[in-house]
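K.L.:
When you get a sec, could you give me coordinates for this:
(chains A and B)
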Amino acid sequence: MSVEVEVDENDLAEMVEQVWESYLDPEGVSPLIPTYDENQPSEVHSSVSITGSWSGHIVYASSRAAAQRAAAAFLAMEQDEVSEEDISDTLGELANIVGGNVKAMLPPGSHLSLPQVSLAPETSARFPNTQRISGVYGLWEGEPVSISMWQSSTDTKEEGA
Amino acid sequence: MTPMRAMVIDDSRAMRMILKRIVTKLSFEAVEAGDGKEALDLLADMTEVPELALIDWNMPNMNGLEFVVKVRADPRLREMTLVMVTTESEQSQIVRALAAGAHEYVIKPFTEGAMIEKLALLGLVPTGANS
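P.N.:
Numbers count the residues shown, from 1 in each chain, chains lettered A, B, ... in the order given. The predicted structure is shown next:
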């Protein structure tokens, strides 16, 4: 049974800001510029699932170029040195970090899954029986990035991401 | 002088690289493990125990909390400073980790400066190290 979640766009935006400050833009020169466009395209995505008092998914999605830039920033590499594995690891960790912070705002007793990464558009993996309840959508150096929350609309437990 | 050693335990290779970069900057020699079980196996083969372990919570095979409990139960490893580095930021989880024997708790995301500050509080940052 899911409780009413109280994590809103402002909370997500704050978490995203912390992620940018810590890993993706420590110099503070290249923030995520909000677009508020929940239909912006993506080419890759990662997710973590939360089960327990609230059930749903946190999804990080972006263009491939933004993912490559994120991996380069995260791993302190040049963009042309970044491998598929680097991109995959970075996307997984970004979903994990945001998901963990969302979980902390939920009533105790929730469980966070290990991250799932797909080098394919977010639309290819929409979770069944879920509804998007919140999200941060923006451009990072001109490339689309989004972080969204999807709530399971049934009492069914995790079906696998 | 023998450099201090740090064990970085996280199932995310990306996070291990970040943590390794920080401890290397502080002149530690870094050893990596992908989960608690792998870390214990590595420790069993070491003649000298690392001074520091940075430990994720959510990992396959053996999670960070189980690792802390195992380390604290082993007299050979009692001198290790254990720092949880995790997204688990609920107060109850922090209390559990500290009660199990972790010395410090760092919540992801963290900045390099914040991590160095925590390690400095534990007396693990050599004088003159970059902060």
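K.L.:
Could you check which residue of chain A lies nearest chain B?
P.N.:
Taking C-beta to the nearest C-beta, chain B has its nearest neighbour within chain A at A:G100, 2.1 Å off. All C-beta spots, glycine's among them, are computed from the backbone N, C-alpha and C.
K.L.:
pretty sure that residue belongs to a helix, no?
P.N.:
Yes - judged by DSSP: H, G, I helix; E, B strand; the rest coil, A:G100 forms part of a helix.
K.L.:
quick one: contacts for residue 66?
P.N.:
The chain I'm using is chain A. Taking C-beta atoms under 8 Å, 6 or more residues apart in numbering or on different chains, we find A:A66 in contact with A:W140, A:E141, A:E143, A:P144, A:V145.
K.L.:
let's do chain B instead
P.N.:
Each residue near B:E66 by C-beta under 8 Å, 6+ apart is listed here: B:G36.
K.L.:
and residue 49, what element?
P.N.:
Going with chain A. Taking DSSP states H and E as the criterion, the element that holds A:S49 is strand A:44-51.
K.L.:
My question was about chain B, not that one.
P.N.:
Using DSSP H and E, no helix or strand contains B:V49.
K.L.:
With A:L91 instead?
P.N.:
Using DSSP H and E, A:L91 falls in helix A:84-104.
K.L.:
And that helix, what does it pack against?
P.N.:
helix A:9-19, strand A:44-51, strand A:56-62, helix A:64-75, strand A:111-112, strand A:116-118, helix B:13-25 (3 or more C-beta pairs under 8 Å, 6 or more residues apart in numbering or on different chains; DSSP states H and E).
K.L.:
Tell me the buried residues in the last one?
P.N.:
By that I understand helix B:13-25. For helix B:13-25, burial by neighbour count (16 or more other C-beta atoms under 10 Å in any protein chain shown) applies to B:R13, B:A14, B:M15, B:R16, B:M17, B:I18, B:L19, B:K20, B:I22, B:V23.
K.L.:
Using CSV, lay out these together with pLDDT.
P.N.:
As requested, the buried residues of helix B:13-25 are exported to CSV (pLDDT from 0 to 100):
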residue, pLDDT
B:R13, 92
B:A14, 92
B:M15, 94
B:R16, 95
B:M17, 93
B:I18, 93
B:L19, 96
B:K20, 95
B:I22, 95
B:V23, 96
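K.L.:
any idea which of these is closest to B:S89?
P.N.:
B:M15 (15.4 Å; C-beta to C-beta).
K.L.:
Pull the contacting residues for that closest one.
P.N.:
A:E93, B:D56, B:V85, B:K108.
K.L.:
got a winner among the residues you listed for most neighbours?
P.N.:
A:E93 (31 neighbours; other C-beta atoms under 10 Å in any protein chain shown).
K.L.:
Just give me the neighbour total for A:D80.
P.N.:
Counted by other C-beta under 10 Å, the residues lying close to A:D80 total 7.
K.L.:
again with the one 5 residues further on
P.N.:
Neighbour count of A:E85, defined by other C-beta under 10 Å: 11.
K.L.:
residues touching the nearest residue to it once chain neighbours are set aside, list them.
P.N.:
Spatially, and ignoring its direct neighbours in sequence, A:E85 is nearest to B:R13 (7.4 Å; C-beta to C-beta, 6 or more residues apart in numbering or on different chains). Shown in contact with B:R13 (C-beta under 8 Å, 6+ apart): A:E85, A:D89, B:G34.
K.L.:
Could you give the bridge partners of the spatially most central residue of chain A?
P.N.:
The centroid of chain A falls nearest to A:Y60 when counting by C-alpha atoms, centre = their mean (2.4 Å). Taking DSSP bridges as the rule, A:Y60 bridges to A:S46, A:I147.
K.L.:
isn't it right up against A:E93?
P.N.:
No - contact criterion C-beta atoms under 8 Å: A:Y60 and A:E93 do not qualify, at 9.6 Å.
K.L.:
In which helix or strand does A:P144 reside?
P.N.:
strand A:143-152.
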